[in-house]
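>>> Could you work out the structure for the sequence below:
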Amino acid sequence: MNWAYRFDARALKEIKKLGQTAQREILAYLDERIAGSDDPRRFGKALKATLSGLWRYRVGDYRIICQINDGELIVVVVTVGHRKDIYD
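All right, here's what the predicted structure looks like:
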C-alpha cells in the first residue's frame, strides 16, 4: 500500500513564496517520507482544537499541514509555512 501526496491550490501558492532551499527540503521530505510510505501518520502528529482532523509534519523551521485521505491513499497538503506563522 503506497501513499501519494498532492498540493491544494493554497498550499501551492504558499510553497512558491518560500525560498528555494526551503522548497527543496519540503519536497524532499514529502518524496522520501510520505510518497511510498505504508503509513504517513507515523511521521506526523495529529492536530487538535480548530485544526482537528489535520496532520502536521515538521521540516526544520517549516510545517506542512495535511489532510490524510485513507480511501484514496493520498495526503493532501493544505498549507505550508514557517512555524511562527502556520497556526494563525
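
>>> what does stretch 15-26 contact?
With CB atoms under 8 Å, 6 or more residues apart in numbering as the test, stretch 15-26 has contacts from 7, 59-60, 62, 64, 77, 80-81. Where C-beta positions appear, they are placed from N, C-alpha and C, glycine not excepted.

>>> go again using 6 Å as the cut-off
Contacts made with stretch 15-26 from outside it, assessed by CB atoms under 6 Å, 6 or more residues apart in numbering, are listed as 59, 62, 80.

>>> center of the chain - which residue?
When the chain is reduced to its mean C-alpha position, the nearest residue by CA atoms, centre = their mean turns out to be residue 64, at 3.4 Å.

>>> Retrieve the pLDDT associated with that one.
As summarised for this prediction, residue 64 has a pLDDT of 97.

>>> Around residue 82, how many other residues sit close by?
Residues contacting residue 82 under the criterion other CB atoms under 10 Å number 12.

>>> and it, backbone torsions?
phi -70, psi 150 (degrees, to the nearest 10).

>>> Next one: it from residue 42, what distance?
Residue 82 sits 24 Å away from residue 42, going by CB to CB, to the nearest Å.

>>> Listing partners with orientation, what would you give for the strand or helix carrying residue 76?
Taking DSSP states H and E as the criterion, residue 76 maps to strand 74-82. Pairing partners of strand 74-82, with direction, according to DSSP bridges: strand 4-7 (parallel), strand 62-69 (antiparallel).
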